[in-house]
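Asks: Here's my sequence, what's the structure:
(chains A, B and C)
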Amino acid sequence: MEKETLIKLEKLNQLRLDDTQKISVIDFFAKRDSEMEIINSIDTKNTERMVHVMPILTVVRDDVEKKLFTRDQLQKGAPETMDGYWQVPRLVE
Amino acid sequence: MKYETVIGLEVHIELATESKIFCSCSAKFGGEQNDHVCPACCGMPGMLPVVNKHVVDLGMAAGMMLNCHINRTTTFDKKSYYYPDLPCSYQTTQWFSPICVNGTLQIETSKGKKDIRIKQIHMEEDAGKLVHDDWTNTSLVDFNRTSVPLIEIVSQPDLSSAEEVVAYLERLRSLLRFAKVSECRMEQGSMRCDVNLSIRPEGSDKLGVRTEMKNMNSISAITRAIEYEVSRHIDALENGTEELVQETRRWDDIKGKSFAMRNKETAGDYRYFPDPNVMPIVIDDEWFDSVKNALPEFPEIKKAKYIELGLSEYDAGMLSESISLCECFEAAYEVCKSAKEVANWLISDCMNIVNKKQWTVDMLNLDGKSLGMLISLVMEGKVGRTNGKKILEAMFDDSSINPGEYAEQNGFIVSNDTSLIESVIKEVMAQDEKSVTDYKNGKEKALMALFGKCMRQLKGNCDPQLLQKLLIDCINKA
Amino acid sequence: MKLFTAETEVKTQKKVVLDDMILTKDLPTCAGSKMLDGYMSLFDAQVVTKLSEAQIGICGKANVGEFAIDLLGETSYYGACTNDGKLVSASAEIVKTGKADAAIVLDVNGAPRRAAAQSDLVYIKPTYGTVSRYGTIPAACSGETVGVISTTANQCKEILGIIAGHDDKDGTSHADTVCQKIKTSSEKITKIALISAFNVDSDTAAKIDNFKTVIEKSGVSCHTVEGEKLLCARVAWNILMSAELCNNVSRYDGIKYGHRASEYTTIGELYTNSRTEAFGDLLKTAILYGSDTLSTENYMKVYDKALRIRRVVAEYFDELFKEYDAVLLPGCSKSFYTEKDIETNKYISFEENACTAPASITGLPAVVAGGVQIVGKAFSDAGLLDLAEIYEKGGK
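Replies: Just a heads-up that it's a prediction; the model follows:
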């Protein structure tokens, strides 16, 4: 894996690795990469992708409004709130 | 050199549902911050998305109004990016198999009619809202809009001027309101528009550098933004004022300028993949037909029909602007069979009340059948027109009112009992001898005074022509 | 939720322990992660509600590896559990020592199967979609299933009977008539395919031999099948699991609840510092890997390929089921690991899951008994437990 790819991935996933972790992750990627051969040896040109493992009939619900919890309950474990809002550092418009 | 403008639109429309797309929280506009929120809408683990059937109904209805092909199997996908208004850091949308594809919308401008191709319509969830607080220099997050159902209507780049864009948006709004897909209120954000624009030398088939302006929410701002962008692009091409780059821009309507947007989702990889928690939605014939059969005719077809029923061009046009008026008109006409009377009642009397209540036309909640019954009562002379209006007002407040019963309970039934009317006339004549004398001396106005007094005494429940005849008879006899 | 206490002991016939991926209103649910340390859910998982309705007491929560993706609980923020130097699963240990009659677990990457195989317990990972996942912490939703560890097949059957059934709150839940199918055995398992493609240690090989000998006494025939195609399940499952995990844990951003870093000035720092501080190494690695498999560049080559391999594996099982009633796989390849083993190879969970991945990626039911894993046709759960019972009775 290219170093830039790892930097891009860290950024995209809001994570920061130290140098030891980086080496370890690169090693992990290399292992996974070498294993791709196992599945690449199987021709899947005519195989449909399988997202859901079971043929479950679409479950849809009726359009009925229901209130489950109050705002206070939902914000009980919040790190920071103000006037019923969750609070974060200011975003530049 | 002459240039032509190439514009494609992505229009986001919030659907008119009671609850959100994947959870049962209220989808209504407004409410106190974070009041329409549950664990799912604030990104807590454990709740699973269950699709609101009505969202699919409305997605299909929109597609049918725009001549789209409806995908009978449609799926949901996840789109990932970090932003505080996105509580799960992913948006559930349709990437691989949207509900509708390949449609058209016909617009009419000063240059005539033109078909704009619709690439696709997909269903997705809305994001929350951020409020910026200057005192604390923080941003505040409100998840009320999170997961409110949206459809995004993506056009092909077939539009070539601000005029066409406006015609497209107005036609779209009219059709979707008609099909009750959405109220399409730009000022409330239930209709928002992304404009993709590029410029190329006339006749060229190569597209120029494209810029995207996001979240436009007023027709006049869109017009100004397009005009600004076109001249900015031409300026860049002709005079080399700047180098055009493909980017997302924000329109500042006060400054009258567009600005490049730097942050948010502009960079990065959305990493779309199929949502394992939402099974494919399979639309069978029964479901498909139930939506299809419930669709209204297009406004212009209704208008033509109304003109055929004898309405003026103006009246027919007024009525066919709103599906609520159309439905009310048709139901009332079915009962009383007088198109003109129904149109009069709807356009003047009903609209007066709607205006007084500061409603929009679409909030009209009158039962058309009852309105028809009321009009019949007035037409048959069983209820006076003034009393009819009183009944109408009561019907606005209580839609369960039966006009006939209500008239009887409140003494609004016209009496044709000649002896009763005559006794009232005699009483009035006795009280107001002066008017009687005046009339006899040729003052026509005096008759009106006496007529009014009699009518008041009779509480309006009298056929005016009968009263006038009896009144003249009595005066002549006296 | 019905807590198991001294007072309720008289009334409740049974007590179970929940692994820490199952949300409870009255006890914290932390998924073995610093991110959710002390997290209180506002609602109970559907399985918890069902257990309480059946008067089953909950005696506590059991430690899991971070978001249950490891095989031995070694990545838990609260530390690994060991017994006699061996890494053990907390849920299995609680059942084994009789502190609970059963453990309800979320089977994401086969950890409970491994644990049951190691501890000689009985375990069922039911057919996907027959037990509601409402109220479980999402990790790899396309394959994860609520499962039951207990000491006997009959007890597993009983608990499964309570928790299985349709749930309107789970869009991947089968219709109730379909869910009920797993409770009754329609056909007896008489012919088994014994997969030989997996490398196992001598302990595990002995367990397989023993299981085979015992059930053959009851007239079940075992036939060795190479089954090499099942080896690709692990590679594909690692891709799907990591990608889904990456997406599912992206909600933990330090804004709404959970760990927030103490130092940050911008929103980017709030995100990155909170996540960097609160997530362990294996989880971070899986997030990055999962993200990479979904990138524009790799999607078709990697993620899409894995989705197609999932069908290849499913179709291979279908083929086996034409001839055999069930498929016997090892429950693990090495009968135990020590903390030292993990130090040498942090990524054992992405390798040791070879035997469990085939059932994870296909959603097929799997029962562990006598240290081996038997995978059956969809909805054949009761039949698999019947076979486990035959084994328990020594083949009679």
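
Asks: give me the number of residues near the residue in the stretch 1-150 of chain C that chain B sits nearest to?
Replies: Closest approach between the stretch 1-150 of chain C and chain B, counting by CB to the nearest CB: residue C:142, at 3.4 Å. (Each C-beta comes from the backbone N, C-alpha and C, glycine too.) The number of residues packed near residue C:142 is 25, by other CB atoms under 10 Å in any protein chain shown.

Asks: what's the distance between residue B:308 and residue B:371?
Replies: Computed as CB to CB, to the nearest Å, the residue B:308 to residue B:371 distance reads 21 Å.

Asks: The two: who's more crowded?
Replies: Using other CB under 10 Å as the criterion, residue B:308 and residue B:371 rank with residue B:371 on top: 25 against 10.

Asks: Same question for the helix or strand hosting that one: list its buried residues.
Replies: Take DSSP states H and E as the rule and residue B:371 turns out to sit in helix B:368-379. By 16 or more other CB atoms under 10 Å in any protein chain shown, the buried positions in helix B:368-379 come out as B:368-378.

Asks: Likewise for stretch B:380-387?
Replies: B:382-384, B:387.

Asks: Tell me the one of these nearest chain C?
Replies: residue B:383 (50.7 Å).

Asks: Angles on the backbone of that closest one, please.
Replies: phi -130, psi 140 (degrees, to the nearest 10).

Asks: give the contact list for it.
Replies: B:374, B:377, B:391, B:403, B:407, B:412-414, B:461 (CB atoms under 8 Å, 6 or more residues apart in numbering or on different chains).

Asks: can you pull out the helices in chain C?
Replies: For chain C, the helices defined by DSSP state H cover C:46-53, C:90-96, C:111-119, C:153-163, C:176-180, C:202-217, C:231-248, C:267-278, C:281-293, C:305-323, C:339-344, C:357-362, C:381-392.

Asks: With mean pLDDT, distance to residue C:76 and mean neighbour count added, can I get these in a markdown table?
Replies: Output for the helices of chain C, formatted as a markdown table (pLDDT from 0 to 100; distance: least, CB to CB, whole Å; neighbours: other CB atoms under 10 Å in any protein chain shown):
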| stretch | mean pLDDT | distance to residue C:76 | mean neighbour count |
| --- | --- | --- | --- |
| helix C:46-53 | 96 | 21 | 21 |
| helix C:90-96 | 96 | 8 | 26 |
| helix C:111-119 | 96 | 11 | 29 |
| helix C:153-163 | 96 | 24 | 22 |
| helix C:176-180 | 93 | 32 | 15 |
| helix C:202-217 | 96 | 25 | 17 |
| helix C:231-248 | 98 | 16 | 26 |
| helix C:267-278 | 97 | 13 | 21 |
| helix C:281-293 | 98 | 11 | 25 |
| helix C:305-323 | 98 | 27 | 19 |
| helix C:339-344 | 91 | 12 | 12 |
| helix C:357-362 | 98 | 20 | 29 |
| helix C:381-392 | 96 | 29 | 24 |
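
Asks: list the contacts for the residue in chain C sticking out farthest from the centre?
Replies: Computed with CA atoms, centre = their mean, the maximum C-alpha offset from the centroid of chain C is found at residue C:265, amounting to 39.8 Å. If you count contacts by CB under 8 Å, 6+ apart, residue C:265 has them with residue A:89.

Asks: just residue B:55 next, same as before
Replies: A:63, B:15, B:17, B:21, B:123, B:149 are the contacts of residue B:55 under CB under 8 Å, 6+ apart.

Asks: before we move on, what about residue B:19?
Replies: A:63-66, B:25-27, B:52.

Asks: can you do 10 Å?
Replies: Counting by CB atoms under 10 Å, 6 or more residues apart in numbering or on different chains, residue B:19 touches A:61-66, B:25-28, B:36, B:52, B:54-55, B:147-149.

Asks: what's the spacing between the closest residue to it other than its chain neighbours and residue C:92?
Replies: The shortest distance from residue B:19 to any non-neighbouring residue, by CB to CB, 6 or more residues apart in numbering or on different chains, is to residue A:65 (4.5 Å). Distance from residue A:65 to residue C:92, counting by CB to CB: 44 Å.

Asks: In the stretch 1-150 of chain B, what residue comes closest to chain C?
Replies: residue B:89 (3.6 Å).

Asks: Tell me the pLDDT of the residue lying closest to residue B:368 once chain neighbours are set aside.
Replies: Excluding its sequence neighbours, the residue lying closest to residue B:368 (CB to CB, 6+ apart) is residue B:331, at 2.5 Å. Per-residue pLDDT puts residue B:331 at 94.

Asks: likewise residue B:298?
Replies: 93.

Asks: Confirm for me that it is in contact with residue B:64.
Replies: No: Residue B:298 is not in contact with residue B:64 according to CB atoms under 10 Å; the separation is 11.3 Å.

Asks: May I have the beta-bridge partners of the residue most central in space within chain C?
Replies: Residue closest to the mean C-alpha point of chain C, counted by CA atoms, centre = their mean, is residue C:107 at 1.6 Å. Counting by DSSP bridges, residue C:107 is bridged to residue C:145.

Asks: just residue B:212 next, same as before
Replies: Going by DSSP bridges, residue B:212 forms beta bridges with residue B:196, residue B:248.

Asks: For the buried residues of helix B:368-379, could you give me CSV that also reports pLDDT?
Replies: Shown next, in CSV, are the buried residues of helix B:368-379 (pLDDT from 0 to 100):
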residue, pLDDT
B:368, 92
B:369, 93
B:370, 93
B:371, 94
B:372, 94
B:373, 94
B:374, 93
B:375, 94
B:376, 92
B:377, 91
B:378, 90
